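*Asks:* next one to model:
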Amino acid sequence: MSAGAGPGELRFRLLGPLEVQRDGTPVRLHGLHQRATLAYLLLHPNRATATSELIAALWRGPAPASARKMVQNAVWQLRTRLLEPPRDGGRDRGAVLWSRPPGYLLQVHPGALDLHRFHTLAAEGRARMREGAVATASLRWREALALWRGPMLADLVETGVRWPELEAAETARLDVLEKYFDAELALGRHDSVLPELRAVTRAEPRREPFTGQLMLALHRGGRHSEALDVYTAIRTELAEELGLEPGRRLHELHQAILTGDPSLDLTPPRGALRIAAAPAAAPVAAPAAAPAAAPEPARIRREISALLLAVSFPGDPDDPDDLDGADDPDNTGDPDALERIDAETTALDTVIGEAASRFGGSVVSRIGSCWLVLFGAGRTRGDEPLRAVSTALAVRQRLRRLPPRRRLRAAVDTGEAVVRHRPPEAGTTPAVTSAVLDRAQALLPLVPPDEVWVGPATRDRTEAAVDYQRARIPSAAWTVRALRPAAPAGTTTPLPERARALRTLTALLDGAPPGPRAVLVVGAPGLGKSTLLAAFEHRVAARAPAARPLLARIVPATVDDSQLFTVATPLCAACGIGPADPPGSARQKLWALVERAAADPEEATRLFTRLLVAIGHLPDHERTATAEEVTAAWLTLLERLAAERPVLVLVDDLHHADDTVLRLVDRAATRPDGPLVVATARPGVFRRRPAWATPREPAAPVPHTLTLEPLSDTSVAEQIRSLLPPGPPGAGPTRELTEAVTALAGGNPLVAAAFVHRALHRPPADPAVPRTALIPGPVRRVLDAELDALPADLAQAVRDAAVIGEDIGAGPLAVLSGRPAPEAAHTLADLARRGILTPAGAAPDGTPRYRFRRPLLREAAYTGLPRGARAARHAALAGGPGEAPPPVPPALLRLHSVQERRAR
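*Replies:* Next up is the predicted model:
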């Protein structure tokens, strides 16, 4: 065979959807097995590939009995159409498929494969770089990257192919891309690669070399604060998601930018061409321009929760229960007391910091033994009040375990705030202006030791997940009693559009189809995940006893002992323990169950000791198991019981789960005889378990995923009518309300329900209601969480686009963001790809124009900016005061009109 692919020969393109060309014309391949067989052989050219290896590659699970015959048919079809050996001196087409024990060998010219060409160009680039020819190396790497037309074998990946060779090729592409950026930065082309660097860091946020290159490009372009913002964002994400700090090199780069290290300035590389500019004529002296004002820190209106924690120590005069400390308020009797308390308080910094980080909060200050933790100031997730309460309970639980005795008092309040993100050189903590902080501070002195109190707004937003009782003093405060599994709002009957998902869950419970025993119900906030789970639970509980599985609903994150009742109820049911059983009988029944189910006597003893805590028949002095250990024991017992009877485990909000619960889902996905675990989660759960979305191995077992999409307008209208009081369906106000809410909901049932509740129960008394109050609180929290899930630069671009209004182009966005127009155009295209914007034609000069796909998101982004920030942006667009704000979405005005008429 000739050394390279010549004219008229076959060409194979793997770097993108599989494509075969003959004489430059695509050749159509029929059938998945034919395409997959050819692709796998092309990944291993010029070597014999066993038939068993091909079968394992084509079928992720157990292969059908006819698998070998199907492979043989695919090979025969490939030979007939493309890869038949030359006969009677015929011309070699460049690729031949031979039968070679133990399977097949695809003989192909290396030059006919784009993958081989990619590796060749990458190696040439490395060689030129070692020689100091930076520009030539950059060109070779750019040519190599241009061969990629998308994800490798994208058409096969869509069908479930997960070959390790694809991940290796993608890693090689990212390595080349990293070297290309290094070369371009060395050549001083930081401005030209900036848009692509931004896109890559968004796609690969945890590949730190890309983050460092983006920081360096911004720094060299004079955008030092933006470079520091990039570091702050990656540091926050790593801390929240993985509990890690950025690597040493990134940290050192951050410090160098902060100190203005001159080593970061551009130095032309060895061998680079230097061009001296021609001397310019001396300009006529002109008055010195005033220095440009520093960009104003970003200010955003949003809802936050503030948690104040006060810890008292033995001998602390502030502890009302410690009379000894009151006699010696200055600790004069113990000269070492202050130093001891300082050391203990410093140790508590770690305890409180870990708890806050676990639930997404930020410890912003400490004065003495009082800590302030904020939730929602940096990023909104939509459930900040519950996160704040959970943090307080988790800290209290930790303090109860640690000697010496410490007493905790905690206060939580929730409300609107203006958050000002300071320049990174001034610190990473945002400045917050809100009455929330004052209310929490006023509440804290009233809280007795070992109690957690909340204000009315916090209680309103968390009462579905927290048991409360009125505080012991006449006030609007509430005392936290316990957490409980969050109950879905409204009815447990899902809309007909969710019936298919409900049937799928029922079929999986009954064992059809066989496979992983873990199911993820994934969707954005408000799409009805919890309602679907409750409907499934209700359907299972209604079965006859003989057909009913052992049903256990567990909390995703164990915070304190108050949650153990969620273990006690199903555990007692499994053991047959009734309310009238004396302690001795309850112990016997529990032991009988664990002894039968445990893997060995040692495990039986451990499970028995820990689960006694849950059923309440263990004296306090004998309790050694923590709430986390009790929960882990319960999950182990459920897995053991699944060998003898059906077991169903339900978990709501898996994205909040402890690692213990996530590992249960991992095991359920790998064991066909284990319990069925059905969990709801937001898409962010895949950041904690990336393998659930993209398995590393072709046959790696992963949970089934049911993705809930937005409802159709018909289903939303049906939901709205079910929430309205009885009346003629065609009546004017009812019809107008239904149409307006349907237009605003965007297929989200939570949004629809919130608007209907506002219309029915909170009609505005004043027709001149502020624009910022037109969107109900639950809806705004969902939309704010959606915005904050975006990278920081894109979230800011969305807010800037909201100020621009209906006709959004790169020019106005460049004015507001201070970025070059090409970079602004790239940002708008990115937002369109994410479904936030949608194309809206072109300007007279041919540049694309966009509009918001959902007007309600635009309104939330616009009114999320403080009034002064909106006015400043309008003035920048108009070149002075007088720019009119964008119009309120018509459906929102129409709904407001309906509310006014109902109020009258």
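*Asks:* in the stretch 501-650 of the chain, where is pLDDT below threshold?
*Replies:* Flagging of the stretch 501-650 of the chain using pLDDT under 70 yields the residue ranges 512-515, 562-563, 617-624.
*Asks:* can you give me the helices for it?
*Replies:* Applying DSSP state H, counting those that start in this stretch to the stretch 501-650 of the chain gives helices spanning 529-541, 565-575, 583-597, 601-615, 627-641.
*Asks:* tabulate those helices (TSV), appending mean neighbour count.
*Replies:* All C-beta spots, glycine's among them, are computed from the backbone N, C-alpha and C. Output for the helices of the stretch 501-650 of the chain, formatted as TSV (neighbours: other C-beta atoms under 10 Å):
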stretch	mean neighbour count
helix 529-541	20
helix 565-575	19
helix 583-597	16
helix 601-615	19
helix 627-641	21
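*Asks:* indicate which one of these is closest to residue 356.
*Replies:* helix 627-641 (17.9 Å; C-beta to C-beta).
*Asks:* other SSEs contacting that closest one?
*Replies:* strand 550-554, helix 565-575, helix 583-597, helix 601-615, strand 647-651, helix 659-670 (3 or more C-beta pairs under 8 Å, 6 or more residues apart in numbering; DSSP states H and E).
*Asks:* export the ones you listed as CSV, with columns for distance to residue 412.
*Replies:* Output for the helices and strands packed on helix 627-641, formatted as CSV (distance: least, C-beta to C-beta, whole Å):
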stretch, distance to residue 412
strand 550-554, 25
helix 565-575, 22
helix 583-597, 37
helix 601-615, 27
strand 647-651, 25
helix 659-670, 25
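*Asks:* what's the closest of these to residue 462?
*Replies:* That would be, of the helices and strands packed on helix 627-641 and by C-beta to C-beta, helix 565-575, which comes in at 16.6 Å.
*Asks:* quick one, helices of the stretch 801-904 of the chain?
*Replies:* 810-817, 821-833, 855-863, 867-878, 890-903.
*Asks:* any idea how far residue 498 is from the residue nearest the centre of the chain?
*Replies:* Central residue of the chain (C-alpha atoms, centre = their mean): residue 684, 2.5 Å from the mean position. Distance, residue 684 to residue 498, using C-beta to C-beta, to the nearest Å: 22 Å.
*Asks:* ok, back up a step: pretty sure the residue nearest to the centre of the chain contacts residue 788?
*Replies:* No: counting by C-beta atoms under 8 Å, residue 684 sits too far from residue 788 to count as a contact (11.2 Å).
*Asks:* got a pLDDT number for the residue nearest to residue 381 when sequence neighbours are not counted?
*Replies:* Distances taken as C-beta to C-beta, 6 or more residues apart in numbering place residue 785 nearest to residue 381, at 5.3 Å, with adjacent residues excluded. Note for residue 785: predicted pLDDT of 83.
*Asks:* again, but for residue 122
*Replies:* 93.
*Asks:* for burial, what's the neighbour tally of it?
*Replies:* Residue 122: 21 surrounding residues under other C-beta atoms under 10 Å.
*Asks:* that one contacts residue 176, doesn't it?
*Replies:* Yes: counting by C-beta under 8 Å, residue 122 does reach residue 176; the two are 4.9 Å apart.
*Asks:* what touches both of these two?
*Replies:* Residues touching both residue 122 and residue 176 by C-beta atoms under 8 Å, 6 or more residues apart in numbering: 141, 144.
*Asks:* quick check: closest non-adjacent residue to residue 625.
*Replies:* residue 610 (4.2 Å).
*Asks:* ok, that neighbour to residue 564 distance?
*Replies:* In terms of C-beta to C-beta, residue 610 sits 11 Å off from residue 564.
*Asks:* with residue 378 instead?
*Replies:* 33 Å.
*Asks:* before we move on, the earlier item: which of the helices and strands packed on helix 627-641 sits closest to residue 81?
*Replies:* Short answer: helix 659-670, nearest of those by C-beta to C-beta, at 39.3 Å.
*Asks:* now for the closest one, which elements pack on it?
*Replies:* Partner elements for helix 659-670 (3+ C-beta pairs under 8 Å, 6+ apart): strand 518-522, helix 627-641, strand 647-651, strand 676-681.
*Asks:* which residues does the longest one contact?
*Replies:* So the one you mean is helix 627-641. Contacts for helix 627-641 (C-beta under 8 Å, 6+ apart): 397, 550, 552, 554-555, 558-561, 563-564, 567, 571, 574, 593-594, 597-599, 603, 606-607, 610-611, 613-614, 625, 647, 649, 658, 660-661, 664, 667, 671, 674-675.
*Asks:* and the angle from that helix to helix 583-597?
*Replies:* 60 degrees (axes from the mean of the first three to the mean of the last three C-alpha atoms, to 10 degrees).
*Asks:* just the residues contacting stretch 434-443, thanks.
*Replies:* 304-308, 372, 411-418, 453, 455, 477.
*Asks:* let me know the average pLDDT across it.
*Replies:* Mean predicted confidence for stretch 434-443 is 88.
*Asks:* what's the answer for stretch 176-183, then?
*Replies:* The model assigns stretch 176-183 a mean pLDDT of 92.
*Asks:* now, of the helices of the stretch 801-904 of the chain, which is deepest in the fold?
*Replies:* helix 855-863 (a mean of 23; mean count of other C-beta atoms under 10 Å).
*Asks:* tell me what angle that helix forms with helix 867-878.
*Replies:* Using the same axes, to 10 degrees, helix 855-863 lies at 100 degrees relative to helix 867-878.
*Asks:* what does helix 855-863 contact?
*Replies:* 301, 744, 746, 751, 771-772, 774-775, 779-780, 783-784, 786-787, 798-799, 801-803, 836, 852, 870, 885-886, 888-889, 891-892.
*Asks:* can you check stretch 254-263 too?
*Replies:* The contact list for stretch 254-263, computed with C-beta under 8 Å, 6+ apart, reads 215, 219, 224, 227, 228, 231, 246, 264, 424, 425.
*Asks:* quick one: which of those is nearest to residue 50?
*Replies:* Nearest member of the contacts of stretch 254-263 to residue 50, counting by C-beta to C-beta, is residue 246, at 44.6 Å.
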